[in-house]
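S.K.: got a sequence here, can you build the structure:
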Amino acid sequence: MENIISIFVKSIFVDNMIFAFFLGMCSYIAVSKTVKTALGLGIAVVFVMGVTLPINYLINKYLLTPGCLTWLSADLAEVDLSFLSFIIFVAVIAGITQIVEMVIEKFLPALYSSLGIFLPLIAVNCAILGGSLFMQERGYANVGEAISFALGSGIGWCLAIVGIAAIREKLKYSNVPAPLRGAGITFIITGLMGIAFMSFMGVKL
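M.R.: Prediction:
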C-alpha cells in the first residue's frame with residue numbers, strides 16, 4: 001500500500017508529465033486559455049489515462065511480454081509479441097478516447113464545443129501514450145501500481161493545465177510585452193513552474 005501511495009504522489013509532483021517530461025504540450029498550450037476549458041480537458045485526460053493504462057498493463061503482461069503466452073500453451077514460450085506494443089497501446093487509447101468524445105458531445109455540448117479539435121486529439125496526446133510506455137519500461141509489479149501511476153500522472157497533467165490556465169486568465173490584466181503575448185509568455189511561465197516543481201525531487205517517498 002505504501003508503495004502505491006508513493007507512486008501516486010511521485011507521478012503527480014516529481015515525475016509530472018508536463019514539468020518533468022514536457023509531454024502533452026500541444027494541448028497544454030492551446031486549451032489553457034480559460035480555467036473552465038482546461039479543467040474539462042484535464043478531467044478527460046485523467047479518465048482516459050486511468051482507463052487505458054491499466055488495460056495496456058494487462059495486455060502487456062499477458063500478451064506482449066516475451067514468454068508470457070505460456071498461460072495459453074507451453075509451445076508458445078518462445079513467442080515474443082513485444083514489437084506490437086506501440087500500435088496496440090495507441091489502438092486502446094484511440095478507442096477509449098472515442099468513447100469519451102461521444103459522452104462529452106452527448107451530455108456536455110458546451111464543453112465539447114470549447115475543446116474543439118483537441119478532444120479527439122487526446123488519442124495522440126503524447127502524455128497518455130508516454131504513461132503506457134513508462135509503465136512498460138518501469139515494470140510495475142501489479143495492476144494496482146499501474147492504476148496508481150495512471151491516476152497520478154493524469155492528475156499531475158490536469159493540475160499543470162489548470163494552473164497555467166489560471167495564470168493566463170490573470171495575465172489578461174497584466175502589461176505583457178507585445179512579442180511575448182500568447183504562447184511566448186506561456187512557455188516562459190511553464191519553465192518557471194517546472195523549476196518550482198523540481199523542488200519536490202528532494203522529497204523522499
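
S.K.: select the longest helix from the protein.
M.R.: helix 143-171 (DSSP state H).

S.K.: quick one: mean pLDDT over it.
M.R.: Mean pLDDT, computed over helix 143-171, is 94.

S.K.: one more: stretch 31-41?
M.R.: On average, stretch 31-41 scores 89.

S.K.: stretch 107-125 now?
M.R.: 79.

S.K.: quick check, pLDDT for the residue located most distally from the centre of the chain.
M.R.: For the chain, the residue at maximal distance from the C-alpha centroid (C-alpha atoms, centre = their mean) is Asp75, at 37.5 Å. Looking at Asp75, its pLDDT stands at 80.

S.K.: over to the one 3 residues further on?
M.R.: At Glu78, the model reports a pLDDT of 84.

S.K.: so who does it touch?
M.R.: Neighbouring residues of Glu78 by C-beta atoms under 8 Å, 6 or more residues apart in numbering: Gly67. (Glycine included, C-beta is placed from N, CA and C.)

S.K.: next, it: secondary structure please.
M.R.: Three-state call for Glu78 (DSSP: H, G, I helix; E, B strand; the rest coil): coil.

S.K.: could you check how far it is from Gly191?
M.R.: Distance from Glu78 to Gly191, counting by C-beta to C-beta, to the nearest Å: 48 Å.

S.K.: Gly95 now?
M.R.: Gly95 is 35 Å from Gly191, by C-beta to C-beta.

S.K.: same check on Gly116?
M.R.: 26 Å.

S.K.: please name the nearest non-neighbouring residue to Leu171.
M.R.: Ile185 (6.5 Å; C-beta to C-beta, 6 or more residues apart in numbering).

S.K.: do you have the helices of this protein handy? List them.
M.R.: According to DSSP H, the helices that the chain contains are 2-13, 25-30, 35-59, 85-107, 109-115, 126-138, 143-171, 183-197.

S.K.: run the chain-centre distance for stretch 95-104.
M.R.: 16 Å (C-alpha atoms, centre = their mean, to the nearest Å).

S.K.: show me what counts as buried in that stretch.
M.R.: Ile96, Thr97, Val100, Glu101, Ile104 (16 or more other C-beta atoms under 10 Å).
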